[in-house]
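Asks: model this:
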Amino acid sequence: MTTASSINKSQPSFFGHPIGLAILFFTEMWERFSYYGMRGLLVLFLIAQSDAGIDSGYGWTRDNALFLYGIYTALVYIMSIPGGIIADKLLGQKKSVMLGGAFLVVGQFMLAFHAQTLFFTGLGLIIIGVGLLKPNISTMVGGLYSEGDPRRDSGFTIFYMGINIGAFLAGIIVSVVAATYGWHWGFTLAGFGMLLGQFVFIWGQKYLTHVGNMETKEEKAQRKIDNGKEGFSKKEWDRILVLGISFIIVIVFWMAFEQAGGLMNIYTDLITDRNIGSYEVPAAVFQSLNAGYIMIFGGIVASLWIYLSKKGIKLSAITKMGLGTVIMGLGYLFMVAASNEAEYVRGAEEVITVTKKSGIHWLLLAYFFHTIGELFLSPVALSFITKVAPKKIVASMMGVYFAATGLANFLASWVGRQAESLGETTVFWGLVIFTVSFGLILILFSKHLRKLTHGAEDDVVAAG
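Replies: Purely as a prediction, here's the structure:
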């Protein structure tokens, strides 16, 4: 059987990595451009005033818009479970990504129409498409590397940079187009991003011949011989257990982090002074801050892990994830300061009367801390799954990871909706206390949890 490592040596490289990483990098970059482009508009479009014009919003209440946002973003990721199972059992990862991309192209372009039937059908197609594409393209990244290859962690960091380049570009370009020419032109532009991503993936198939395929009968038979039985060994069950714990961490982290597209997005729109000189920055543009910070600081965080490793300090994945949760939680202290600086009152029918808005600098600081926390957690978690999960269910486990993210998105919308009754300051304080406490507990027990991986992390020498 041809191995990933043997093929990699005969192909050109991408920053010292298999050229297939470049194909997955740019495919995911444009897919995320389309997803984050439309996500940044979604809540703002739903609550925008409705009139007879084709580019008006739907005039929903903020509570209903956040509820739909939570349901939508939850389903987008929860569908990763059947998406991973379909890849493991029926299509393989590569064909699943191809099919998911097709659903996404059609779904994104359907959002360009104002008719609600077409709009919500488009959202449904996007949910199916992301469910097929998201877990399987991430799994394919791990498949580019042979077992024990020290480049795997840094490969995921590079891949993660592609995700955030797409999100950064979308946050600025799609938002400005929507603000200038109308909502549905913004949604249309997001559709073209997905079309380009699908083209890249189709064109690059020659560099992905050895990854993402269904297991052959010979390989399946050999695996059974190697395992000695069809079920999971004690060691594999321990690894599944620690993966389950990591998914709980993921839920807590993204529940807090994903206020960005909901509560923080609305706060930015209504209560933040967005004027720079005479120009008022569109609220959705601030969705690009997170991605922009990742582009700047992603390499620095990756280098930090290498530096610590050379000094003999090898932090486990759980430790990094705990630190990331603490750092992200501290970012909400700046949102507490922002809400204390602003002066506003809530009236009937969700009317907010603002007499003094908070400064942009609080958002800049909050998103900075959130981003550093994300860099400590998210690429680490992706790499952790491909190392620890039993090979026969790795795509399914990646699906569970994204499903956990989906549940977190739903919980995030619920938390954000509590601001209507409790106020933003109380919600932001609650996020600080809960996430920082949770992260510190993880760090305390990280050594015990690492033992459950049975050496799966012993080869870590690069960035998580």
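Asks: Flag the shaky bits of this structure, pLDDT-wise.
Replies: Residue ranges of the chain with pLDDT under 70: 1-12, 52-55, 148, 150, 216-217, 219-228, 230, 347-351, 456-464.
Asks: try it again with 50
Replies: 1-10, 52, 460-464 (pLDDT under 50).
Asks: in which helix or strand would I find the nearest residue to Trp362 once chain neighbours are set aside?
Replies: Excluding its sequence neighbours, the residue lying closest to Trp362 (C-beta to C-beta, 6 or more residues apart in numbering) is Ala338, at 3.6 Å. No exception for glycine: its C-beta is placed from N, CA and C like everyone else's. Element membership for Ala338 (DSSP states H and E) is helix 317-341.
Asks: just checking, what packs against that helix?
Replies: Secondary-structure packing of helix 317-341 (3 or more C-beta pairs under 8 Å, 6 or more residues apart in numbering; DSSP states H and E): helix 234-257, helix 263-271, helix 360-388, helix 424-451.
Asks: So what are the sheet partners of whatever helix or strand comes next after the shortest one and their directions?
Replies: Spelled out, that is helix 263-271. For helix 263-271, the following helix or strand on the C-terminal side (DSSP H and E) is strand 275-276. Applying DSSP bridges, strand 275-276 is found paired with strand 279-280 (antiparallel).
Asks: In JSON lines, list the helices and strands packed on helix 317-341 along with distance to Gly204 and mean neighbour count.
Replies: Output for the helices and strands packed on helix 317-341, formatted as JSON lines (distance: least, C-beta to C-beta, whole Å; neighbours: other C-beta atoms under 10 Å):
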{"stretch": "helix 234-257", "distance to Gly204": "29", "mean neighbour count": "19"}
{"stretch": "helix 263-271", "distance to Gly204": "34", "mean neighbour count": "22"}
{"stretch": "helix 360-388", "distance to Gly204": "20", "mean neighbour count": "23"}
{"stretch": "helix 424-451", "distance to Gly204": "36", "mean neighbour count": "17"}
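Asks: To Ile173, which of the ones you listed lies closest?
Replies: Minimum separation from Ile173 across the helices and strands packed on helix 317-341 (C-beta to C-beta) falls at helix 263-271, 17.3 Å.
Asks: Sketch out the strands for this protein, chain order is fine.
Replies: Here the chain has its strands, by DSSP state E, at 13-14, 17-18, 275-276, 279-280, 343-346, 352-356.
Asks: residues in contact with the last one?
Replies: In this structure, residues lying in contact with strand 352-356 by C-beta atoms under 8 Å, 6 or more residues apart in numbering are Leu270, Ile271, Glu341, Ala342, Glu343, Tyr344, Val345, Arg346, Gly347.
Asks: is it true that Ala403 touches Val76?
Replies: No - using C-beta atoms under 8 Å, Ala403 is not in contact with Val76; the gap is 10.0 Å.
Asks: List the buried residues of the helix holding Ala338.
Replies: For helix 317-341, the neighbour count (16 or more other C-beta atoms under 10 Å) marks 317-339 as buried.
Asks: Against Val250, how distant is Gly299?
Replies: To Val250, Gly299 is 24 Å away according to C-beta to C-beta, to the nearest Å.
Asks: For Leu189, grab the count of nearby residues.
Replies: With neighbours defined by other C-beta atoms under 10 Å, the count for Leu189 comes to 22.
Asks: oh, I was asking about Leu21
Replies: Leu21 has 26 nearby residues by other C-beta under 10 Å.
Asks: what are the ranges of the helices in the stretch 101-250 of the chain?
Replies: For the stretch 101-250 of the chain, the helices defined by DSSP state H, counting those that start in this stretch occupy 116-143, 152-181, 183-203, 217-227, 234-257.
Asks: of all those, which lies closest to Pro282?
Replies: Using C-beta to C-beta, these put helix 152-181 closest to Pro282, at 4.2 Å.
Asks: between that closest one and helix 360-388, how big is the angle?
Replies: Put simply, helix 152-181 runs at 140 degrees to helix 360-388, going by axes from the mean of the first three to the mean of the last three C-alpha atoms, to 10 degrees.
Asks: Tell me the buried residues in helix 152-181?
Replies: 152-179.
Asks: on that earlier part again, widest-spaced pair of the contacts of strand 352-356?
Replies: Across the contacts of strand 352-356 (C-beta to C-beta), the longest gap, 20.5 Å, separates Glu341 and Gly347.
Asks: For Ser383, give me its contacts.
Replies: Shown in contact with Ser383 (C-beta under 8 Å, 6+ apart): Gly142, Arg152, Asp153, Phe156, Ala317, Gly464.
Asks: Now render the residues you listed as JSON lines, adding distance to Leu263.
Replies: Listed next are the contacts of Ser383 as JSON lines, based on distance: C-beta to C-beta, whole Å:
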{"residue": "Gly142", "distance to Leu263": "34"}
{"residue": "Arg152", "distance to Leu263": "36"}
{"residue": "Asp153", "distance to Leu263": "33"}
{"residue": "Phe156", "distance to Leu263": "29"}
{"residue": "Ala317", "distance to Leu263": "29"}
{"residue": "Gly464", "distance to Leu263": "29"}
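Asks: measure Gly359 to Gln287 for me?
Replies: Plainly put, Gly359 is 18 Å away from Gln287 if you go by C-beta to C-beta.
Asks: higher neighbour count, the two?
Replies: Gln287 (27 against 14).
Asks: ok, the more buried one to Ser278 distance?
Replies: Between Gln287 and Ser278 the computed distance is 23 Å (C-beta to C-beta).
Asks: hang on, the earlier thing: what's the closest of the strands of the chain to Leu196?
Replies: Comparison of the strands of the chain against Leu196 by C-beta to C-beta identifies strand 13-14 as nearest, at 18.5 Å.
Asks: So which elements touch that closest one?
Replies: Partner elements for strand 13-14 (3+ C-beta pairs under 8 Å, 6+ apart): helix 20-47.
Asks: gap between the helix it packs on and the chain center?
Replies: 10 Å (C-alpha atoms, centre = their mean, to the nearest Å).
Asks: so what does that helix touch, helix or strand wise?
Replies: Partner elements for helix 20-47 (3+ C-beta pairs under 8 Å, 6+ apart): strand 13-14, helix 62-78, helix 93-110, helix 116-143, helix 152-181, helix 183-203, helix 263-271.
Asks: so which of the ones you listed gets nearest Tyr36?
Replies: Here helix 152-181 is closest among the helices and strands packed on helix 20-47 (C-beta to C-beta), at 4.2 Å.
Asks: The closest one: how far from the chain's middle?
Replies: For helix 152-181, the distance to the chain centre is 11 Å (C-alpha atoms, centre = their mean).
Asks: wait, what's in contact with the nearest residue to Arg417 once chain neighbours are set aside?
Replies: Nearest residue to Arg417 in three dimensions, chain neighbours excluded: Leu66, at 5.2 Å (C-beta to C-beta, 6+ apart). Counting by C-beta under 8 Å, 6+ apart, Leu66 makes contact with Val43, Gly262, Leu263, Ile266, Ser413, Gly416, Arg417.
Asks: Could you do Tyr207 as well?
Replies: Gln11, Pro18, Ile19, Gly20, Ala22, Ile23.
Asks: For PyMOL, what selects the buried ones among those residues?
Replies: Listed next is the PyMOL selection for buried residues among these, using 16+ other C-beta under 10 Å:
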select buried, resi 18+19+20+22+23
